[in-house]
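1. model the structure of this input:
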Amino acid sequence: MNVESLAERLGRRTTRRGREHYYPDASDADWNDWRWQFRHRVTTLEELARFLPIPAAEWAARSQVLSDFRMGITPYYLSLIDADDPNDPLLRQVVPLAEENLYRAVGDEDPLGEEKFSPVPGITHRYPDRVLMVLSNNCAIYCRYCTRKRTMYDGASADVEIDRMVDYIARTPSVRDVVVSGGDPLNFATAKLDSILSKLRAIPHLEIIRIGTRVPVALPQRIDDELCEMLARHHPLWINVHYNHPNELTPDAARACDKLSRAGVPLNNQAVLLKGVNDDVATIKALCHGLMKMRVRPYYLYQCDPVRGAEHFRTPIAKGIEIIEGLRGHTSGLAIPTYVIDAPGGGGKIPVQPDYLLHYDREKGRALLRNYQGKLYEYLEPRAANASPNDVLVPAAPPAASGPVALAGSNKKRVEAASAGAPSSNGNGHAAGATGNGTPAGNGQASGNGSSASNGRNGAAPVVGKSKWVHRGSTRAERAARTKKRDK
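-> Got it, this is the predicted structure:
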């Protein structure tokens, strides 16, 4: 894959333009050295003011923010920020703002209850068969909405603590999957990370290792050949990356993901829905399409956690549902992430989707569905094994609008608009509509002759629209001929 042409197809800014503006004296050797990038992170307001304007009236508030939560911005990521736009979507993710100080007392220190589910320091064991392993609290950049703000002043876990985490996993045979996270595990030296992964791979019942990282976003220079060769020795290994905005999909980002993919590492993206950053359909669609071009699967779209100081990033749940509905049917299913809320207090990830299943009667095996256009369809489940061929699976009449189906908000508007026209059937079910004379179709299919379409097995007219095409060799006469020949 030609990553340069890929970057051109993404249609996004390149780092070269920003680099010349922010770091005109940086050599190619320095700029492409991830250690140089890490050492030259912007960590104070004084340093930041050299590159970005900071209103004097907000200096004190932003200083107060940095007393609560650290800042770190790599030269590479800084080069992607538009200095003339105070609402730049990348700036909002990493630069401390006065809003953060305004909401510094709103929210929870540990909104997901990770410490409540921690049998040993560094391990969160919330789900039956998988655990979270936090190795480090050090990141290349510090996201202002981070759910682990409470720990980000700590350093990397000591070797003895890491060994205790590994020991817990080794003596817990139910654990088959571990998420190695932080902070960012890819900030470790390659040899150090190799040692940790080797200890995990030595556990017989551990099947899958996943790494959560934002390095390909914030420090893509770190994804070098040495790292990729090491990771390839520990398969099956997966990596979850964290791109939030199309402006993060640069040639360097594409090159980093390409290296990981060529090392056999599947890549999934976990985005966070952030007000003022990506809270609209167009932005998320562009992000997902760009990720797909980079061979990164859009995996999750997280509702922003109610962590302390991040209230200005949070959107209503309705916004996330609106975005998913704006994607469904308008792009491929593979490009649509699962919108989830990580339940406060440790309830785990809960998927939240638009209402497509409007009514379901399990006993009668009947469902009323809404598609992405707002059209209604009836789906009939298979007959029971002991059902008579003449049994009618469902009642003839569809559920009345005033019945158990309750529609609200955008769903109601979309369905009402679509109900004005006759719905069409699809390959799986039948259109839930009325016949030409207002009589409901008995078998769930709309009748085109103005009369009720009943089931052919009940002795009435044949099923409307039944195909006349038959498989070659499957006519009644041909079957009788084969039987007669076989009997001889």
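
2. how many neighbours does T331 have?
-> Using other CB atoms under 10 Å, T331 has 15 other residues around it. The way it works is simple: take the backbone N, C-alpha and C, and place the C-beta from them, glycine included.

3. ok, now W36?
-> When neighbours are counted by other CB under 10 Å, W36 comes out with 16.

4. the nearest residue to it once chain neighbours are set aside is in what secondary structure piece?
-> Of all residues not flanking W36 in the chain, D30 sits nearest, at 4.5 Å (CB to CB, 6 or more residues apart in numbering). Assessed by DSSP states H and E, D30 sits inside helix 28-31.

5. and what of I321?
-> Using DSSP H and E, the element containing I321 is helix 317-327.

6. pLDDT of the helix or strand that that helix is followed by, averaged?
-> Under the assignment DSSP H and E, the closest C-terminal helix or strand after helix 317-327 is strand 338-343. Averaging pLDDT along strand 338-343 yields 96.

7. what lines up beside the helix or strand following strand 338-343 in the sheet?
-> Counting by DSSP H and E, the next helix or strand C-terminal to strand 338-343 is strand 348-351. Paired neighbours of strand 348-351 in the sheet (DSSP bridges): strand 338-343 (antiparallel).

8. residues in contact with the strand it pairs with?
-> 111-112, 147, 273, 299-303, 305, 317, 320-321, 323-324, 348-353 (CB atoms under 8 Å, 6 or more residues apart in numbering).

9. are any of those buried, and which?
-> Buried members of the contacts of strand 338-343, counted by 16 or more other CB atoms under 10 Å: 111-112, 147, 273, 299-303, 305, 320-321, 323-324, 349.

10. list the contacts for L274?
-> R92, Q93, Y145, N244, C304, F313, T315.

11. save these as TSV, and put in secondary structure, distance to L357 and pLDDT too.
-> Compiled in TSV, these are given as follows (DSSP: H, G, I helix; E, B strand; the rest coil; distance: CB to CB, whole Å; pLDDT from 0 to 100):
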residue	secondary structure	distance to L357	pLDDT
R92	helix	36	97
Q93	helix	35	97
Y145	coil	32	94
N244	coil	30	98
C304	coil	27	96
F313	helix	31	96
T315	coil	24	97
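
12. got TSV for these, with distance to L48 too?
-> Shown next, in TSV, are those (distance: CB to CB, whole Å):
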residue	distance to L48
R92	14
Q93	14
Y145	18
N244	20
C304	23
F313	20
T315	27
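
13. ok so, going back, and the buried ones among the contacts of strand 338-343, which is closest to V120?
-> Distance to V120 across the buried ones among the contacts of strand 338-343 (CB to CB) is lowest for L112, with 17.7 Å.

14. doesn't that closest one belong to a strand?
-> No - assessed with DSSP: H, G, I helix; E, B strand; the rest coil, L112 is coil; it does not lie in a strand.

15. measure it to Y302 for me?
-> 11 Å (CB to CB, to the nearest Å).

16. three-state assignment of the residue nearest to the spatial centre of the chain?
-> The centroid of the chain falls nearest to Y300 when counting by CA atoms, centre = their mean (1.5 Å). Following three-state DSSP, Y300 is assigned to strand.

17. next: R35.
-> Following three-state DSSP, we place R35 in the helix state.

18. ok, of the contacts of L274, which come out buried?
-> The neighbour-count test (16+ other CB under 10 Å) applied to the contacts of L274 identifies R92, Q93, Y145, N244, C304, F313, T315 as buried.

19. element containing the residue nearest to D194 when sequence neighbours are not counted?
-> Using CB to CB, 6+ apart and skipping the chain neighbours, the partner closest in space to D194 is M230 (4.9 Å). Using DSSP H and E, M230 sits in helix 225-231.

20. what's whatever helix or strand comes next after that helix packed up against?
-> Next along the chain after helix 225-231, taking DSSP H and E as the criterion, comes strand 237-241. In this structure, strand 237-241 makes packing contacts with strand 208-212, strand 267-273, judged by 3 or more CB pairs under 8 Å, 6 or more residues apart in numbering; DSSP states H and E.

21. mean pLDDT and distance to I239 added to those, as CSV?
-> Putting these into CSV (pLDDT from 0 to 100; distance: least, CB to CB, whole Å) gives the following:
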stretch, mean pLDDT, distance to I239
strand 208-212, 98, 5
strand 267-273, 98, 6
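
22. E363 is nearest to which of those?
-> With CB to CB as the measure, strand 267-273 is the member of those nearest E363 (37.9 Å).

23. could you list the domains of this protein?
-> Here the domain parsing of the chain from automatic domain parsing is 3-102, 115-351, 355-384+394-464.

24. just name the most buried of these.
-> The highest mean neighbour count among the domains of the chain, using mean count of other CB atoms under 10 Å, belongs to domain 115-351: a mean of 19.

25. quick check: end-to-end length of that one?
-> 23 Å (CA to CA, to the nearest Å).

26. would you list every one of the helices in the stretch 301-450 of the chain?
-> 317-327, 409-418 (DSSP state H, counting those that start in this stretch).

27. okay, and the beta partners of the closest residue to P236 other than its chain neighbours?
-> Leaving aside its chain neighbours, P236 sits nearest to I208 (5.7 Å; criterion: CB to CB, 6+ apart). On the basis of DSSP bridges, I208 is bridged to D177.

28. gap between I208 and R362?
-> Distance from I208 to R362, by CB to CB: 34 Å.

29. what's the answer for Y168, then?
-> Taken as CB to CB, the span from Y168 to R362 is 41 Å.

30. which regions of the stretch 301-450 of the chain sit below the pLDDT cut-off?
-> 384-450 (pLDDT under 70).

31. so, low pLDDT: which residues of the stretch 151-300 of the chain?
-> 153-156.

32. re the thing from before, for the residue nearest to P236, what are its contacts?
-> Shown in contact with I208 (CB under 8 Å, 6+ apart): R176, D177, V178, P236, L237, W238.

33. closest to T151 out of these?
-> The closest of the contacts of I208 to T151 turns out to be V178 (CB to CB; 18.8 Å).

34. pretty sure the closest one contacts I209?
-> Yes - the pair V178 / I209 is scored as a contact, 5.8 Å apart, by CB atoms under 8 Å.

35. give me the common contacts of the two.
-> L200.

36. tell me where the stretch 1-150 of the chain has helices.
-> So, for the stretch 1-150 of the chain - with DSSP H, counting those that start in this stretch - the helices run 3-10, 15-22, 28-31, 34-39, 45-48, 59-68, 75-78, 89-94, 98-102.

37. avg pLDDT for the second one?
-> When the per-residue pLDDT values of helix 15-22 are averaged, the result is 78.

38. now the first one
-> Helix 3-10 shows a mean pLDDT of 49 in the predicted model.

39. and for D252, nearest residue in space, chain neighbours not counted?
-> Once flanking residues are discounted, D252 sits nearest to P220: 4.3 Å by CB to CB, 6+ apart.

40. quick check: that neighbour vs A254, distance?
-> 9 Å.

41. so what touches stretch 224-243?
-> Against stretch 224-243 from outside (CB under 8 Å, 6+ apart): 34, 179, 186, 190, 193-194, 197-198, 200-201, 207-214, 216-217, 249, 253, 257, 259-260, 262-272, 287, 291, 296, 299.
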